[in-house]
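Q: I'll drop the sequence and a predicted model, then ask my questions.
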Amino acid sequence: MELFKIVVQVLISIGAAFLAAHLATQRLRKDKWWTMQAEAYGELIESLHTMRWAASEHHEAELIRKDVESDRSEAMWKQFSDARKEVWKIADKSSFLVSDEVLKSVQRMENGLSDANREQTYFEHLDSLNHAVDVCLGEIKEIGKKQLQIQW
């Protein structure tokens, strides 16, 4: 009888140890996955802000009827273009990490950016660029908060 109690206690201890190890491993994987998702959303938002900055600077200059220096303007539009490529790269490479809604939002932004090319004036063009990026940025933030279960 005494031997039976010892065997049961050993089996319970071994089972508890395996359960604890399994739960700890699952928790670690879940935390790592969350971190990778958060990084993808962070990179995406950073690239969208870069796009927004270039268009906003030119838009503001148009409002006050001031020209942006040629070299500075060229550098900003290069940053806009690079950030635009980065948004697509992040959306594509992270498609298994982030919600499918992210890709749809980026596609809607691209449609808005294309529509901006059909505007009548440069000011309207810049306004449309800003609007397309701002809408996408807002959507990405909301999608990210929902997916990452962040409450504000």
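A: Structure's in. What do you need?
Q: secondary structure class for Arg65?
A: Three-state assignment for Arg65 (DSSP: H, G, I helix; E, B strand; the rest coil): coil.
Q: what about this protein, any weak spots by pLDDT?
A: The chain contains residues with pLDDT under 70 at 152.
Q: The most centrally placed residue in it: which element?
A: Centroid-nearest residue in the chain, with C-alpha atoms, centre = their mean: Tyr41, separated by 2.4 Å. If you go by DSSP states H and E, Tyr41 is part of helix 2-63.
Q: just how off-centre is that helix within its chain?
A: 15 Å (C-alpha atoms, centre = their mean, to the nearest Å).
Q: List the residues that contact Ser67.
A: Not quite, residue 67 is Asp, not Ser. In this structure, Asp67 makes contact with Ala61, judged by C-beta atoms under 8 Å, 6 or more residues apart in numbering. No exception for glycine: its C-beta is placed from N, CA and C like everyone else's.
Q: Can you list phi and psi of it for me?
A: Per-residue torsions, Asp67: phi -80, psi 140 (degrees, to the nearest 10).
Q: same check, this time on Val68
A: Torsion angles at Val68 (phi, psi; degrees, to the nearest 10) stand at phi -90, psi 130.
Q: Could you report the neighbour count for it?
A: Val68 is flanked by 17 other residues according to other C-beta atoms under 10 Å.
Q: do the same with Glu124
A: Neighbours of Glu124 (other C-beta under 10 Å): 13.
Q: coming back round to it: isn't the residue nearest to the centre of the chain up against Glu139?
A: No. Shown here, Tyr41 and Glu139 do not form a contact pair, counting by C-beta atoms under 8 Å, at 11.7 Å.
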